[in-house]
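*Asks:* what's the 3D shape of this:
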Amino acid sequence: MANERLVEFWAKTIAMRSPVIMQQLHGAALGLIADRRAMQRTLPPEFVHCPSLDMLLALFVADGHAMPVADFITAAPAAAAVARRWIDVFVQRDLVSVRNGVASLTEAGFRMIADTCQAVIEAQMGSRASSLN
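*Replies:* Okay, the predicted model is just below:
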């Protein structure tokens with residue numbers, strides 16, 4: 001319970017400092033989800049198969065960075081057994097907590113995905129800047 005409050009605290013702290021930053025991180029995560037789905041339509045599944053990333057991105061963009069475990073399991077195009085094993089890994093690494101049938105990002109999970117989205121934003125900005133020269 002304390003972890004969920006801490007994630008909410010971090011999300012609100014970022015949003016209060018700059019709602020634009022939180023919107024950008026959320027947008028980057030949504031973009032990554034859309035990009036991965038597009039690639040999954042055109043490439044062999046094994047080329048883009050990463051259920052752990054799909055699941056964490058889905059949790060990051062979910063309201064309150066939480067969702068029912070059943071929805072979390074179906075967030076990735078993988079067998080339910082594979083998704084359940086990933087949930088165990090996330091919990092062991094303190095990236096996700098599961099309570100009362102709800103999966104939530106922990107502070108570490110929130111920060112990791114937020115940092116990942118920030119890195120993607122910076123990489124895209126860098127590639128745009130270099131293409132202008």
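
*Asks:* show me where the protein has its helices.
*Replies:* Secondary structure of the chain (DSSP state H): helices located at 2-17, 19-42, 45-48, 51-61, 69-73, 80-92, 107-131.

*Asks:* least confident of those, on average?
*Replies:* Note on those: lowest mean pLDDT is at helix 2-17, with a mean of 64.

*Asks:* ok, now which ones touch the residue nearest in space to the middle of the chain?
*Replies:* Nearest to the geometric centre of the chain sits residue 57, at 2.1 Å (CA atoms, centre = their mean). The neighbours of residue 57, taking CB atoms under 8 Å, 6 or more residues apart in numbering as the test, are 29, 32, 33, 36, 113. Glycine gets a C-beta too; all of them are placed from N, C-alpha and C.

*Asks:* list just the nearest of those to residue 123.
*Replies:* Nearest to residue 123 out of the contacts of residue 57 is residue 32 (CB to CB; 11.5 Å).

*Asks:* neighbours of the closest one, how many?
*Replies:* Residue 32 has 19 neighbours, counted by other CB atoms under 10 Å.

*Asks:* any figure for the gap between it and residue 63?
*Replies:* 18 Å (CB to CB, to the nearest Å).
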